[in-house]
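Participant: I need the structure of the sequence given here:
(2 chains)
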Amino acid sequence: MSADPLPFWKRLLSSRGFWPITGLALLLLFDLVYTTDFFRHESSFFRLEIRDGHLYGTLIDILNQGSKGILLALGMTLVIATGGVDLSVGAVMAISGVIAALLATQTNIPFPVVIALALVATLVAGLWNGALVAYVGVQPIVATLILMVAGRGVALLFTDGQIITFTHEPLVYVGNGHFLGLPFTTTIVAVVFLALALLTRKTSLGMFIESTGDNERASGFCGLNVRAIKLLVYGFSGVCAGVAGLIATSNIKAADSSRVGENMELDAICAVVVGGTSLSGGRFTLVGSIIGAILIQTLTTTMYGLGVPPAVAPVPKALVVVAVCLLQSETFRTKVRRLFKRSST
Amino acid sequence: MNDVLLEMRGITKAFPGVKALSDVELVVGRGEVHAVMGENGAGKSTLIKVLTGVYPRDAGMVVFCGKTISPAAPIEAEALGISTVYQEVNLIPHLSVAENILLGRQPKRLGFLSWRAIRRQAEKALERLGLHLDVTQELSSYSVAIQQMAAIARALDVDARLLILDEPTSSLDEQEVDELFRVMRKLRADGLGIIFITHFLDQVYEISDRITVLRNGELVGVYDTSSLPRLTLIGKMLGKKPEEVERLESTAATAKDTTERKTVIEAQGLGRQGGIAPFDMHMCEGEVLGLAGLLGSGRTEIARLLFGIDRADAGEVRIDGQPVSLTSSRKAIARGIGFCSEDRKSEGVIPHLSVRENIILAIQASRGLLKLLSRQEQLKIVDHYIQALNIKTPGPETPMESLSGGNQQKVLLARWLAMQPRIIILDEPTRGIDVGSKAEIEKLVASLRERGMSVLFISSELEEVVRNCQRILVLRDRKKVGELAGGEIDEQRIMGLIAKNV
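Facilitator: Numbers count the residues shown, from 1 in each chain, chains lettered A, B, ... in the order given. This next block holds a predicted model:
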């Protein structure tokens, strides 16, 4: 059993980041070809311009629009790595949005405290999910389905079913402001990513999460507090959803609890899977999930650009997602290879 | 003997690298309860699987009711009249009893299910076993014993002429076993042939007419139960000469501990209902204590109690004289106990994590979340154990799943040794691994003892227990039945204790 180094291309093909990045690259290539005006040697898709010291362009839009999806995917990655899933993130977005909008418009509480309170609420929501899964033993899908359904109801209770519009400047800045020439949302994503990356890789949390997802029983026998780990990841997912909810609410300058974050839980799960983290738990990759989320946002933006009617857009989107997932599967690749070999002989 | 129902002769079955059965025979008559006995790896379950068509046989013939048969799948065997009831009830807990009994062959009227006919037919099937139940209740609302009966009723409903019961009693209590035996006697009187697989000696003597003993995939012999002394049976299962065993039948049961070492852990009256009857034990510094007994005798149950996986409902454990509560694995680990489970795959190996992570996981878990060992510290530990235990791996970052069984076992040992526990429980540490690794693990056990660790050594292989242990607790049918120390330890004495009827 000697260390037999695989040829470079083989290692590349089986490395986890390869297929999502390839998928994203192919998609961008398509956009490049499709939107290039060959007479003017210029692609509208890749055009970047600076106005008022801020960078504008489709690529920047993708990052900005994709920020919510990325945040959800980051939290979701940790949950999925423990072998669970969090369906409630969309509803949790509504909770943070409503709390922030209410406190910002109707009280004089300092803005950082408003943000903190909104995020504490979503942390509690996440811990509720985690407690149901880890301590009560409810299956993750069912446990988080409860909050997925009830969360929006809670948010609507706060507002008596009204949509709260606001012009509160700091809150508007969260989703619409610019920082260092880029949309402020990019900074938010970067901060959350760095925080999670440090938390999981500079402490033993990452290994504990992966070990729990890979073999929960054996991990417990090693002395891991498997329940506490599960509780924690749902808490993280709640906070990530809370931040995404602030951005979504700020984007439209209104807290619309019945619409904000609608169906985003599915996009987030999709991004994680496309990014290379297995739904059965175990090894996870935060960077992969970010790439996955960007891929999905790029798809959405591309559909818009192509003029695909919104009602039809999910179909091509689904096809691309299926393709990337299949390419990642070792079994699928082996089958394809065999098929080619057979037809060539 | 009654006329022959089933005749299997010259059955041979090889798996890649292992000969699971060679030239084995099994003959079962009508109206006979026929026990098949043997230790782990003797070939009992392979033989049954060849009979029911799960595996094709490599050689040999099977004659059933006068006709040569070779079923290709269990469903074909069932159609021929050979039904199997497995150890774990193989039914659907949330369907009604009636549905479970008739699933897949429900009587229909005009293409629709006839619920009344289903109910009546299920009731009739249970009546044959002397049971009157409300068959519309969910299966899970009944006890395991009743569920077992439903499984038997289902098996019989297909006009079975041969019923195979694969360890049906391992999850039943005494009364439930009596109930099962009542049913078995009734079926025997009806002329059914029954193949009964179990590890419980008492049960074999209570119910079976004849016994086929297998060992290492070979037929040891076929015996009439009434004329086969227990001791001889155990000798045959373990591959010992009966005359050697018989000489020593009168051995004293308990012996005094002659050593004067410091006691590390002691248990008094420790027990758990359905697991192990209350027992006393103690372990000293620098001592290997063995647990000997047949499979299902309570060996693993003791390990699980000491490691806090199962909670004891009687007795107490003291470590260094202080009473301790071992109600979770984490508490046990904090007290300096390590545990290598017999079920490596589901209770030990973290398959997709690297060898490095598998080794440091327990240390890291005890250090907590924030005190992450640095990469250098990790590699220092990992490299040390890869060398010390001679773990064959391409490198510390290789995923655990790509290692061989023996090397995985060594990694799991490394995980616990790195914790430097005072007490380590090794449950079947050499099962399913190659001979070379076995020898290395035994050497390791000796060196741990020399370093003052207390080792609890559990093995199905008697020779291994005798070779490695200074003191041995002997278990039978989930009870401690004796203790041997020092010079008293030999295989015959142990077998004598296992065999002795209470």
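
Participant: which parts of stretch B:449-458 are buried?
Facilitator: B:Arg449, B:Met453, B:Ser454, B:Val455, B:Leu456, B:Phe457, B:Ile458 (16 or more other C-beta atoms under 10 Å in any protein chain shown). Any C-beta I mention is one placed from the backbone N, CA and C, and that applies to glycine too.

Participant: The last one contacts B:Cys340, correct?
Facilitator: This means B:Ile458. No - if you go by C-beta atoms under 8 Å, B:Ile458 and B:Cys340 don't touch, sitting 9.6 Å apart.

Participant: Let me have the buried residues of stretch B:449-458 in CSV, adding distance to B:Lys186, secondary structure and pLDDT as columns.
Facilitator: Listed next are these as CSV, based on distance: C-beta to C-beta, whole Å; DSSP: H, G, I helix; E, B strand; the rest coil; pLDDT from 0 to 100:
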residue, distance to B:Lys186, secondary structure, pLDDT
B:Arg449, 53, helix, 90
B:Met453, 54, coil, 92
B:Ser454, 50, strand, 93
B:Val455, 48, strand, 94
B:Leu456, 44, strand, 95
B:Phe457, 44, strand, 94
B:Ile458, 38, strand, 92
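
Participant: Can I take it that A:Cys270 is in a strand?
Facilitator: No - the assignment for A:Cys270, made by DSSP: H, G, I helix; E, B strand; the rest coil, is helix rather than a strand.

Participant: Pull the contacting residues for it.
Facilitator: A:Gly292, A:Ile296, A:Val321 (C-beta atoms under 8 Å, 6 or more residues apart in numbering or on different chains).

Participant: quick one: the last one from A:Gly307, how far?
Facilitator: From A:Val321 over to A:Gly307 the distance is 21 Å, taken as C-beta to C-beta, to the nearest Å.

Participant: Equivalent analysis for B:Asp202, please.
Facilitator: From B:Asp202 to A:Gly307 the distance is 80 Å (C-beta to C-beta).

Participant: cool, and B:Val465?
Facilitator: Distance from B:Val465 to A:Gly307, by C-beta to C-beta: 77 Å.

Participant: Please apply the same query to A:Ile50.
Facilitator: Distance of A:Ile50 to A:Gly307, computed by C-beta to C-beta: 28 Å.

Participant: Tell me which of the two has more neighbours.
Facilitator: In this view A:Ile50 and A:Gly307 are compared by other C-beta atoms under 10 Å in any protein chain shown, and A:Ile50 has more residues nearby, 10 against 6.

Participant: ok so that one is a strand residue?
Facilitator: Yes - with three-state DSSP as the criterion, A:Ile50 is part of a strand.

Participant: For it, list each beta-bridge partner.
Facilitator: A:Leu55 (DSSP bridges).

Participant: from what I can see it touches A:Tyr56, true?
Facilitator: Yes - between A:Ile50 and A:Tyr56 there is a contact at 7.3 Å, judged by C-beta under 8 Å.

Participant: Show me where the stretch 201-345 of chain A has its helices.
Facilitator: A:205-214, A:216-221, A:226-251, A:264-274, A:286-306, A:314-328, A:330-344 (DSSP state H, counting those that start in this stretch).

Participant: quick one: stretch B:68-86 to chain centroid distance?
Facilitator: Chain-centre distance of stretch B:68-86: 25 Å, with C-alpha atoms, centre = their mean, to the nearest Å.

Participant: which residues touch that stretch?
Facilitator: Contacts of stretch B:68-86 (C-beta under 8 Å, 6+ apart): B:6, B:48, B:51-54, B:56-57, B:61-65, B:148, B:151-152, B:155-156, B:158-168.

Participant: repeat for stretch B:360-377
Facilitator: With C-beta under 8 Å, 6+ apart as the test, stretch B:360-377 has contacts from A:202-205, A:207-208, A:211, A:219, A:222-225, B:330, B:333-334, B:338, B:350, B:353, B:378, B:381-382, B:415-416, B:418-419.

Participant: List the residues that contact residue 109.
Facilitator: Going with chain A. A:Leu103, A:Leu117.

Participant: switch to chain B, that's the one I care about
Facilitator: By C-beta under 8 Å, 6+ apart, the contact set of B:Arg109 is B:Ala117.

Participant: Tell me how far it lies from B:Ile118.
Facilitator: From B:Arg109 over to B:Ile118 (counting by C-beta to C-beta), the distance is 11 Å.

Participant: which bits of chain B sit near chain A?
Facilitator: Listed as neighbours of chain A in chain B under the rule C-beta under 8 Å from any C-beta of the partner chain: B:307, B:309, B:329-330, B:333-334, B:339, B:341, B:346-353, B:357, B:361-362, B:364-373, B:392-395, B:404, B:415.

Participant: For the stretch 401-502 of chain B, which residue gets nearest to chain A?
Facilitator: Residue of the stretch 401-502 of chain B nearest chain A, by C-beta to the nearest C-beta: B:Arg415 (7.0 Å).

Participant: Quickly note the distance from that residue to A:Phe18.
Facilitator: Taken as C-beta to C-beta, the span from B:Arg415 to A:Phe18 is 32 Å.

Participant: Between these two, tell me which one has more neighbours.
Facilitator: B:Arg415 (24 against 15).

Participant: So that one sits against B:Ile359, correct?
Facilitator: Yes - with contact defined as C-beta under 8 Å, B:Arg415 reaches B:Ile359; the gap is 5.3 Å.

Participant: where does the stretch 101-250 of chain A come near chain B, residue by residue?
Facilitator: Within reach of chain B by C-beta under 8 Å from any C-beta, the stretch 101-250 of chain A has these residues: A:202-205, A:207-208, A:210-211, A:214-215, A:217-225.

Participant: Mind doing that once more with 6 Å?
Facilitator: A:203-205, A:207, A:211, A:214-215, A:217-218, A:221-224 (C-beta under 6 Å from any C-beta of the partner chain).

Participant: Using neighbour counts, pick out the buried residues of the helix or strand hosting A:Leu199.
Facilitator: In the assignment (DSSP states H and E), A:Leu199 maps to helix A:184-201. Buried residues in helix A:184-201, counted by 16+ other C-beta under 10 Å: A:Phe184, A:Thr185, A:Thr186, A:Ile188, A:Val189, A:Val192, A:Phe193, A:Leu196, A:Thr200.

Participant: Most neighbours out of the contacts of A:Cys270, which is it?
Facilitator: Going by other C-beta under 10 Å, A:Gly292 tops these with 31 neighbours.

Participant: Touching, it and A:Ala268? I think so.
Facilitator: No - applying C-beta atoms under 6 Å, one finds A:Gly292 not in contact with A:Ala268, separated by 9.3 Å.
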